[in-house]
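> the amino acid sequence is not available; the structure is as follows:
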C-alpha cells in the first residue's frame, strides 16, 4: 500500500472520528437541555430540543454512509475494520440517546402541575450521572482507553439503583393521591428514558473495549433495575 493510499485511508478514519465526536457532543447537549426543560417545564426549550434531534439523525446517516464507502473502497481488516464497525455501532447508540433526550423534552408539554421536589432531585441525579458517564465513555473512545470504558460499563448499576428509587417514590405518590397518577406516569417514563440512556452508554463502552482489545468483555453485564419485580401493594 503506497504512502498516499495510507494517508488517504487515515484521513477517512479521521473524518469518521470527527463526525462521531460532533455527534457525541450534540447528544450530550440534548440530554443536558432536556432535563433542564423538563424540571423547569420550559416548553420553548423543549421544542428546540425536539427540532434539533434531526441534526443527530443526519450525522448518524452520514457516518453510516461514509463507513460503508470506506469498507467498499479500502476493504479494511483487523483493527482497521474494528475502527469502522465501532463508528457505526456507536453512532447508532448516540442516535438512540438523542431520541430518548427528545422523548424527555416531549414530556414537558404534558406537565402542568408542580413537580414533587424529591422526584425532581432524583431525576436530576440520574441525568447528571448519565451525562458524566456519556462524557467519560466518549473520552474513552477518543483516547482508546479500554480501562476507562470498563469503568463506565460497571457503573451502569448506579443509574439503575437511582431508577429503582425514583420508581418506588412515584408509586408511593400515586397510591397516596390518585390525582397525581397522570403526572407521575409521565415522570415514570422520563425516569425510564434516563435509565435507557445509561444502557446505551454501556453499549458504547462495550464497543470501545472491543475496538481496543478485539474481544468482548468477559463478564456478565451489570444490571440492577428491579422495577419489573417490584410488588405494588394497595395503600
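Cool, the structure landed. Everything numeric here is computed off the predicted structure, so don't read it as measured data.
> isn't residue 203 up against residue 95?
No - in this structure, residue 203 is not within contact of residue 95 by Cβ atoms under 8 Å, at 11.7 Å. In short, each C-beta sits where N, CA and C put it, glycine included.
> buried residues in stretch 85-96?
Neighbour-count burial for stretch 85-96 flags 85, 86, 87, 88, 89, 90, 91, 92, 93, 94, 95, 96 (criterion: 16 or more other Cβ atoms under 10 Å).
> can I assume the fifth one is in contact with residue 207?
Yes - with contacts counted by Cβ under 8 Å, residue 89 reaches residue 207, the gap being 4.9 Å.
> for residue 138, what are its contacts?
Taking Cβ atoms under 8 Å, 6 or more residues apart in numbering as the contact definition, residue 138 lies against 21, 24, 28, 204.
> roughly how far apart are it and residue 204?
In this structure, residue 138 and residue 204 are separated by 7 Å, where distance is defined by Cβ to Cβ, to the nearest Å.
> picking that back up, out of the contacts of residue 138, which are inside helices?
Among those, the subset assigned to helices under DSSP state H consists of 21, 24, 28, 204.
> and those, which are buried?
Once neighbours are counted (16+ other Cβ under 10 Å), the buried part of those comes down to 24, 28, 204.
> pick the one among those residues closest to residue 133.
Comparing these against residue 133 with Cβ to Cβ picks out residue 204 as the nearest, at 9.3 Å.
> now do whichever strand or helix holds residue 73, average pLDDT.
Taking DSSP states H and E as the definition, one finds residue 73 inside helix 43-74. Mean per-residue pLDDT for helix 43-74: 96.
> burial measure for residue 54, as a count.
The criterion is other Cβ atoms under 10 Å. On that basis, residue 54 has 11 neighbouring residues.
> ok, the nearest residue to residue 213 once chain neighbours are set aside - contacts?
Computed as Cβ to Cβ, 6 or more residues apart in numbering, the closest residue to residue 213 that is not its neighbour in sequence is residue 146, at 5.9 Å. The neighbours of residue 146, taking Cβ under 8 Å, 6+ apart as the test, are 140, 208, 209, 212, 213.
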